[in-house]
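1. Give the three-dimensional model of this entry:
(chains A and B)
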Amino acid sequence: MRKWVFRIGAVALLVAIAACMMVIGRGHTIYFDNKKLEYEGQTCDTYRRINVFVNGEQVAKLSAKDRGMATFMGQKLSFDIEVTKEKGDDPVTYSYTVNVPYKEDGIILNLPGMIAGLPEEAYTSIFVPMVVEEEDAEEEIVIDEFGMSDGAEGEAAEP
Amino acid sequence: MNNKNKTASSKLLNFLGNNAVPIMFIIIIALCIPISGFSSLFLLNEIVTRLSRNAFLILSLLIPIMAGMGLNFGMTLGAMAAEIALILTSDWQIWGIPGIVLAMIMSIPISIVLGLLCGKILNAAKGREMITSYIISFFMNGVYQLVVLYMMGSIIPIVHTTIKLPRGYGVRASVDLTRIRKALDNVLSVNVGGVIIPVLTLLIIALMCLIIVWFRRTKLGQDMRAVGLDMEVARAAGIDVERTRIISIVISTVLAGIGMVIYLQNMGDMATYSSHSQIGMFCIAALLVGGASVDKASIGNVFLGVILFHTMFILAPKAGAVIAGNEVIGEYFRVFVSYGVITIALVMYETKKRRAKAGMGAQLAAAQQEGER
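-> Just a heads-up that it's a prediction; the model follows:
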C-alpha cells in the first residue's frame, strides 16, 4: 500500500511539474508595428521613432511603417516604449502589460493604436505566418540504416 | 631483492595490461596536440563543452554493467524517447529551461516502456545481452521511424510547418532546437580565464554521480552487484534476478533519455533520423577508452573516457590534415579508433574470462590430485 502511495505521489509530482513547465515555458513572439491604424473613423498616425524595451533591454527601434519583434515565455509581457512624435520632440515613455492567449504563437501590437488608448481588439491581431510554397515538395529522408539502398527505386544494384 | 623486483615488474605489467587502452590514447593525444597546433585554451573549452554534453549519457551505462549485463547498446532507446519528447515540446513551443525539464519528464514514461521491453528480451537472451541489445536498438529504430515518419502529423498532432514535412505528416530530417539551445549550460555559467564552464550542467552530472554512489549501497544496488557477480548464487540468496536485471535496464534507459536531452540542448539542433543511431556506440567507446571493461566500470572511467575520447575527436581531423594533407584521413582514423577500441575491449574481456576459467580448472585439477594422494 505504502509503495503504491509513493509511486502515485511521484507520478503526480512529475505531472504537476510538467504542467507548470507547459505554462511558464510557453514561448510567444510579439510583433510591434509602428503603422497607421484606422478604427471606427479614428486615425492613429505613425510616430517618427518608437523604441521598445523589455526588461530594460532595447528589443526594437522603429521608424514609421516599421515592424519589430520580441520573444518571451509565459502569457504576460510587460514592456516600455519610448515615443518621439516629431523630429526634435522629447521622447515620452509609456509602460504596458499585455496578455497573450496560450494557444497563439504570436500576436501583432499596433503601437500608435495602443498609445491612442483604443480598445484591445483594435490594436491587437493574431500573427499568421506566410505559407511558403516549397519548391521541393518532398524532403529527402534517409533512413537506410545499413547503406544497402541502390539509389533509384527499382534500379538494379551494382555488383 | 630479486623477488621484490619480480613483484614490482609483474605489478607494472599488470597495470599496463589493465590500462592499455587509456595509456594508448594518452600517447596518441600527446603526439597529436603539438601536431594539431590548437591552443590550450581552445582545447580546454572544447573538452569542457564535450564533458558537459556527454558525461550524463555515459553515466547511464554504469548500472547495467553493475548488474552483469555488459555494455547497454540499448541506451539508444532512451535517446529515441528523448527525441520524441523534444519534437513534441518544440511543436508546443515550450522554450528554455521549462522546455528542457518538460522534455526530460516526457521522455521518462517512453523510456520506462522501452526499457521494460528491452529488459524482458535481454532476460530471454542471458549471456548474449550486448549483441541482443544492439539488435533491439535496430529494431526499435524501425518503430521510431514509423512513429516519427508516419504517425506524427497524422495521428499525433504536429502543428508547425517548420517541424512537419511539406506532405502534411512526418517530421523533417532536422528539428531546430534554437529555443532551448544551451539553456541549461548558460545558467550559472562562469568564464575562468577564457574557459566557459557550464556550472549547472556539471552540477547535475555531479549529482548523478552521487546518486550512483548512493545507489550502489542500497539494497537494490547490492542485489544488482550480486546478480552481476553470479546469477545462480544471487538466485539462491533469494534475489529476484530477472526483476533486478529489468530494473537495471529501465534505469539505464531513463538516464539515457535524460542524458540525450542534455546532449541535444547543447547541440541546438536535432537530426531526427540519425542523432540517436551512433550515440550508443560513441558513449560505449568513450567508456572503454576510460579504462572500463564489459564487467567493470566506474565513475572515474566515465570522466577519463570523455576527456580522452573527445580530445581525440577534436585533434584527429586537424592532425590528419597536417600529417597527410587531408582532414578526411583524421576522420577515418577516429572512426577506426572508436570501433577498434570496442573490438579490443570485447576481445580482452573474452580472453580474461577464458583465462579465469582455465585458472579455475587448473586449481580444481590440482585440488583433485592432492585429494587422490
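2. going forward, measure contacts between C-alpha atoms and count neighbours the same way
-> Will do.
3. which outside residues touch stretch B:180-189?
-> Stretch B:180-189 is contacted from outside by B:95-97, B:99-100, B:196-201, B:262, B:264-269, using Cα atoms under 8 Å, 6 or more residues apart in numbering or on different chains.
4. Can you tell me which of the residues you listed are buried?
-> B:95-97, B:99-100, B:196-201, B:262, B:264-269 (16 or more other Cα atoms under 10 Å in any protein chain shown).
5. Go back to those and keep what's next to chain A.
-> B:95, B:96, B:97, B:99 (Cα under 8 Å from any Cα of the partner chain).
6. quick one: which of those residues sit in strands?
-> Mapping those onto strands (DSSP state E) picks out no residues; all lie outside.
7. ok, which pair from those residues is furthest apart?
-> Farthest-apart pair in those is B:95 and B:97; separation 6.7 Å (Cα to Cα).
8. Let me know the distance separating the one residue in the stretch 101-250 of chain B that gets nearest to chain A from residue B:171.
-> As assessed by Cα to the nearest Cα, chain A sits closest to residue B:102 within the stretch 101-250 of chain B, at 5.3 Å. Distance from residue B:102 to residue B:171, counting by Cα to Cα, to the nearest Å: 20 Å.
9. Ok, residue B:354 next?
-> 48 Å.
10. and those two? which has more neighbours close in?
-> Comparing residue B:354 with residue B:171 by other Cα atoms under 10 Å in any protein chain shown, the one with more neighbours is residue B:171, at 28 against 12.
11. can I assume residue B:116 is in contact with residue B:249?
-> Yes: with contact defined as Cα atoms under 8 Å, residue B:116 reaches residue B:249; the gap is 7.4 Å.
12. When these two are compared, which one has more neighbours?
-> Neighbours per residue (other Cα under 10 Å) separate residue B:116 from residue B:249, with residue B:249 holding more: 31 against 21.
13. For residue A:84, grab the count of nearby residues.
-> 18.
14. So which of the buried ones among the contacts of stretch B:180-189 are in helices?
-> B:96, B:97, B:99, B:100, B:199, B:200, B:201, B:262, B:264, B:265, B:266, B:267 (DSSP state H).
15. With respect to residue B:35, which of those is nearest?
-> The shortest gap between residue B:35 and any of these belongs to residue B:267, at 27.6 Å (Cα to Cα).
16. for that closest one, what are its contacts?
-> B:181, B:182.
17. What pLDDT is listed against it?
-> On pLDDT, residue B:267 comes in at 93.
18. all helices for chain A, in order.
-> A:2-24, A:111-115, A:120-123.
19. quick one: stretch B:245-265 to chain centroid distance?
-> With Cα atoms, centre = their mean, to the nearest Å as the basis, stretch B:245-265 stands 10 Å off its chain's centre.
20. Likewise for stretch B:61-70?
-> 11 Å.
21. What of stretch B:115-126?
-> With Cα atoms, centre = their mean, you get 19 Å for stretch B:115-126.
22. Of the helices of chain A, give the one that comes closest to chain B.
-> Of all the helices of chain A, helix A:2-24 comes closest under Cα to the nearest Cα, at 4.7 Å.
23. name the helices or strands packed onto the closest one?
-> Applying 3 or more Cα pairs under 8 Å, 6 or more residues apart in numbering or on different chains; DSSP states H and E, we find helix A:2-24 packed against helix B:96-123.
24. ok, now with 6 Å
-> Applying 3 or more Cα pairs under 6 Å, 6 or more residues apart in numbering or on different chains; DSSP states H and E, we find helix A:2-24 packed against no helix or strand.
25. Next, the angle from that helix to helix B:96-123.
-> With axes from the mean of the first three to the mean of the last three Cα atoms, to 10 degrees defining the directions, helix A:2-24 sits at 140 degrees from helix B:96-123.
26. List the buried residues for helix A:2-24?
-> Buried residues in helix A:2-24 (16+ other Cα under 10 Å): A:14, A:18, A:21, A:22, A:24.
27. residues in contact with the third one?
-> Residue A:21 makes contacts with residue B:98, as judged by Cα atoms under 6 Å, 6 or more residues apart in numbering or on different chains.
28. Relative to residue A:130, how far out is it?
-> Shown here: residue A:21 relative to residue A:130, a distance of 29 Å by Cα to Cα.
29. How many residues are close by residue 94?
-> I'll assume chain A. 12.
30. look at chain B instead
-> 28.
31. Show me what it is bridged to.
-> residue A:26 (DSSP bridges).
32. what about the strands in chain B?
-> For chain B, the strands defined by DSSP E occupy B:174-176, B:190-192, B:195-197, B:269-271.
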